[in-house]
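A.B. asks: Okay, structure incoming, though there's no sequence with it:
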């Protein structure tokens, strides 16, 4: 099972670091993605890191502000979010590819974790 954590309330321009951890689930060697869903809006893909952790990709809306990376802790992936904007407010969820060894081109995100709320407001 996956668990997203690290959300909270932050002022515009602030930063947060989200974590996606696997419990009884091997996150390592799988492609991992971050998504977000704001009230009344469809789920939006945010970022992806390949199973080798060597390649990343980002939605245009977050490029240059967010960084997805492998954590030093085993079985964990981070999403560092800087220069946050009110439009980044959403529930953030992480997902993992059903298979090992894939990349960010057409992953099959079959395992989803509970989300964490991020609110950007002054």
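C.D. replies: Thanks, I have it. This is a predicted model, so every value here is computed, not measured. Numbers count the residues shown, from 1 in each chain.
A.B. asks: Could you tell me how many residues sit around the residue nearest to residue 6 when sequence neighbours are not counted?
C.D. replies: For residue 6, ignoring the flanking residues on the chain, the nearest one in space by C-beta to C-beta, 6 or more residues apart in numbering is residue 18 at 4.2 Å. (Each C-beta comes from the backbone N, C-alpha and C, glycine too.) Residue 18 is flanked by 25 other residues according to other C-beta atoms under 10 Å.
A.B. asks: Please list all residues in contact with residue 18.
C.D. replies: Contacts of residue 18 were listed using C-beta atoms under 8 Å, 6 or more residues apart in numbering, and they are 4, 5, 6, 7, 34, 78, 79, 81, 92, 94, 116, 118.
A.B. asks: in its sheet, what does the host helix or strand of the first one sit against?
C.D. replies: Meaning residue 4. Using DSSP states H and E, the element containing residue 4 is strand 2-5. The pairing partners recorded for strand 2-5 under DSSP bridges are strand 16-22 (antiparallel), strand 109-114 (parallel).
A.B. asks: hey, what's the most centrally placed residue in the chain bridged with?
C.D. replies: Residue closest to the average C-alpha location in the chain (C-alpha atoms, centre = their mean): residue 34, at 2.7 Å. Residues in a beta bridge with residue 34, per DSSP bridges, are residue 47, residue 94.
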